[in-house]
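K.L.:
here is my input, please return the structure:
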Amino acid sequence: MDSGETRFFLGRSGHSRAPLRAAICGALAAVAANTLTASAVLVATMATASAQDGAIDEMVVSARFREESLQDTPLAITAVSGAEMELRGLTDVTDLDAFSPSTVIAPLGAGWGSTAAAFIRGVGLGDNSLSFEPGVPIYIDDVYHGRPQGAIMDLLDLERVEVLRGPQGTLFGRNAIGGTVRLVSRKPQGDNSGNIEIQMGSYDQLNVRGGVDVSLVEDQLMLRVSGSSKQRDGYFKLLDYECVNGPGTLGDGGTAPVQVATDIDGAPVYFEPIVLGSELGSQDIRTENGCVVDTLGDENVQSGRAALRWIVSDAMELNVIGDVTHLRQKGPADKYTLMNGDFGLWTLWNNLVAGPVYGNDPDGNPIRWDDRFMTDSPYTAYLRYADDLTNRRWENVNNMDHWGVSASMDWDLTDTIHLKSVTAFRKFTNTYGRDSDGSPLPL
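P.N.:
Predicted structure coming up:
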């Protein structure tokens, strides 16, 4: 994008400042005149375009389970077409709040995988419990997705998206108190068309999406198949603390066992002294890879959608749609902006566990959870996906498999009676790991 800029440099001089002030005023006047002229031309162009069109582009929605103009629908609704989503660069569900007022749709948090936190007019669900249903449900081709987990899906080959601000219980049931989001797939047209889009960017980003629309039986049976792949390396670096700060900075091991519980027979259970050490091994390799042990914030997701449309007769139509999402990536970026080790339970843990178990650093200071584990860059951290107290290890992953199939039949029984039947099945699995304390210590 081209841009223009006007700069003025002021400084001390032995000459009079009056000519300088006059030059500045003249330049500002010229800029203002050019801006007004450009604005007048833009307004005139828009007015001419509006006069030539003669009407506002009509958006047809089905939020009330009947097709009607968006302008005539008596609901608080925002709708955007698939073409407009492509122009705006909207790629997944979390981008939808960019065009809908009073709407926030975002990942629940850095450690909850593909769980969405959707809020409309301040009402929604910010919890990861599987026993809770969202206050803002998502419908995929009129099929209810009843959990926030697995709800961050690709906006692939959609005809439109409708965001209804709640409460919408009359139309969508008890769980739509905040509103609802409807994803409507694009129907096959049988026009034997196709498209492909390739996008490249930083961190080896490569996004590819495309689709084809073919006629199997002219004006009767049509098929549309589309797919998408998005890949990008992680931009957030996880650093090895001892590699950056020197050997022994994670402690020399405590001097006494710490009793933490009792077993079923009443015998005490102890934490023995632990030397955390470096994840990279010998310190002679500390500069070999910049002390980076892992990354966060990458992207690796593939999705596909197939739609079969059968126009049985002038009064009956059957649409069968299947979609699949395959996600294999690491966790999202997770950065602490404050670490106060002298607050509440942190103080208790530091005094009873950290110091006795991990010992002191080379300067004789006890190991504590505090701001020593803050980094200077907003794109680095000292996370470690391990718990040396319990010998547990977990992976830095965010993996999801989500698929579904639906069959929708529309049948005009009479001129005034319309029957619609929707039969569907959906399934998803989501596996994710998280280090919640922002440090290499196993809190």
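
K.L.:
which non-adjacent residue is nearest residue 85?
P.N.:
Leaving aside its sequence neighbours, residue 85 sits nearest to residue 155 (C-beta to C-beta, 6 or more residues apart in numbering; 5.8 Å). (Each C-beta comes from the backbone N, C-alpha and C, glycine too.)

K.L.:
tell me how far that neighbour lies from residue 291.
P.N.:
Counting by C-beta to C-beta, to the nearest Å, the separation of residue 155 from residue 291 is 38 Å.

K.L.:
ok, residue 167 next?
P.N.:
The spacing between residue 167 and residue 291, counted by C-beta to C-beta, is 52 Å.

K.L.:
higher neighbour count, the two?
P.N.:
For residue 167 and residue 291, the more surrounded residue by other C-beta atoms under 10 Å is residue 291, and the numbers stand at 22 against 18.

K.L.:
give the contact list for that one.
P.N.:
The neighbours of residue 291, taking C-beta atoms under 8 Å, 6 or more residues apart in numbering as the test, are 239-240, 243-244, 280.

K.L.:
select only the buried ones of those residues in PyMOL?
P.N.:
In PyMOL syntax, the buried subset of the contacts of residue 291 is picked out as below (16 or more other C-beta atoms under 10 Å):
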select buried, resi 239+240+243+280
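
K.L.:
tell me the one of the contacts of residue 291 nearest residue 317?
P.N.:
residue 239 (57.6 Å; C-beta to C-beta).

K.L.:
please name the nearest non-neighbouring residue to the closest one.
P.N.:
residue 291 (5.0 Å).

K.L.:
all the strands of the stretch 301-443 of the chain, residue numbers only.
P.N.:
With strands called from DSSP state E, counting those that start in this stretch, the stretch 301-443 of the chain shows them at 316-329, 380-381, 386-387, 392-393, 398-412, 418-432.

K.L.:
looking at these, which is nearest to residue 148?
P.N.:
With distances scored as C-beta to C-beta, the stretch of the strands of the stretch 301-443 of the chain nearest to residue 148 is strand 418-432 (10.5 Å).

K.L.:
only alpha carbons, please: show that closest one as PDB.
P.N.:
What follows is the C-alpha trace of strand 418-432 in PDB, where atoms were taken according to Å, rounded to 0.1, in the frame of the first residue of the first chain:
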ATOM      1  CA  HIS A 418     -42.700 -26.600   3.900                       C
ATOM      2  CA  LEU A 419     -41.000 -29.500   5.600                       C
ATOM      3  CA  LYS A 420     -37.300 -29.600   6.500                       C
ATOM      4  CA  SER A 421     -35.500 -32.500   8.000                       C
ATOM      5  CA  VAL A 422     -31.900 -32.400   9.300                       C
ATOM      6  CA  THR A 423     -30.000 -35.600  10.400                       C
ATOM      7  CA  ALA A 424     -26.400 -35.300  11.500                       C
ATOM      8  CA  PHE A 425     -23.500 -36.800  13.400                       C
ATOM      9  CA  ARG A 426     -20.400 -34.900  14.700                       C
ATOM     10  CA  LYS A 427     -17.400 -36.100  16.700                       C
ATOM     11  CA  PHE A 428     -14.200 -34.400  17.900                       C
ATOM     12  CA  THR A 429     -11.200 -35.200  20.000                       C
ATOM     13  CA  ASN A 430      -8.800 -32.500  21.300                       C
ATOM     14  CA  THR A 431      -5.500 -33.200  23.100                       C
ATOM     15  CA  TYR A 432      -3.400 -30.300  24.500                       C
END
